[in-house]
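Visitor: Quick one, what's the 3D model for this:
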Amino acid sequence: MLLEKSVEIKELNLYEINKTLLDNFNRYQKVERCWRKDNNKWILKDNPFIENWDNEKKQQIISWLYDCKQQGDIVLAVFYDNKLIGFSSLGNTLFGQHKEYIELKMLQISYEYRNKGIGKKLFFLSVNKAIEKGAKKLYISAHSSEESQAFYKSIGCIEAQEINTQIAENEPFDCQMEYNLTY
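Guide: Next comes the predicted model:
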């Protein structure tokens, strides 16, 4: 069980996004079923696979986070015992018909630390940052696994009312979701 006082969440600067950032991060996820849209209805389909980041993939993610930060995105990180155990990346551009969406580009929690409230806390810190940027809705292209969808739905995310086609086409199996920031 994590002690609240031993978990640190902070916004990373460029210098903190370095090649060792994800050394201890475990992206492991065993997926059995995924949500798929079939005839305009969401259904759960068997789709077993294991998602896991090797060192090469971790370096790609670090490079991507660095680029995001250089472009003005907010990168939040969760540390426990000085080890990164979670992170999120929040875009900096409002989009949509009424310029009310901002994208939560990524939210990841290391395997050993899931289901402890860390993802929820990181999500809502990202929500606060989105509100500070003037957004009214958070846009999420969420992994379609049963577990990932359960997480987002449990915190109040719904199917996106306005689809960002560029984002959706980049991740065709993701579920396009939103979170209303004006409640």
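Visitor: Name all residues that make contact with the spatially most central residue of the chain.
Guide: Computing the C-alpha centroid of the chain and ranking residues by Cα atoms, centre = their mean puts L107 first, at 2.1 Å. Residues near L107 by Cβ atoms under 8 Å, 6 or more residues apart in numbering: G86, F87, S88, G119, L122, F123, S126, I140. No exception for glycine: its C-beta is placed from N, CA and C like everyone else's.
Visitor: The residues you listed, buried ones only, as a PyMOL selection?
Guide: Selection of buried members from the contacts of L107 for PyMOL, criterion 16 or more other Cβ atoms under 10 Å:
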select buried, resi 86+87+88+119+122+123+126+140
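Visitor: right, and out of the contacts of L107, which lies closest to T20?
Guide: Distance to T20, by Cβ to Cβ, is smallest for F87 among these, at 13.8 Å.
Visitor: K105 sits in which helix or strand?
Guide: According to DSSP states H and E, K105 maps onto strand 101-109.
Visitor: now swap in K121 and tell me
Guide: K121 is part of helix 118-132, with elements assigned from DSSP H and E.
Visitor: what's in contact with the next helix or strand after that helix?
Guide: Sequence order places strand 137-142 as the next helix or strand after helix 118-132, per DSSP H and E. Applying Cβ under 8 Å, 6+ apart, the contact partners of strand 137-142 are 95-96, 100-104, 107, 126-127, 130, 148-149, 152, 157, 160, 164, 167-168, 170-171, 174-182.
Visitor: Tell me which residues of strand 137-142 come out buried.
Guide: Buried, per 16+ other Cβ under 10 Å, within strand 137-142: K137, L138, Y139, I140, S141, A142.
Visitor: Save the residues you listed as CSV, and put in distance to Q29 and pLDDT too.
Guide: Output for these, formatted as CSV (distance: Cβ to Cβ, whole Å; pLDDT from 0 to 100):
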residue, distance to Q29, pLDDT
K137, 26, 98
L138, 22, 99
Y139, 22, 98
I140, 17, 98
S141, 16, 96
A142, 13, 95
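Visitor: Now do the helices in the chain.
Guide: Secondary structure of the chain (DSSP state H): helices at 55-70, 118-132, 146-154, 165-170.
Visitor: Pick the most deeply packed of those.
Guide: Mean neighbour count (mean count of other Cβ atoms under 10 Å) peaks for helix 118-132 among the helices of the chain, with a mean of 18.
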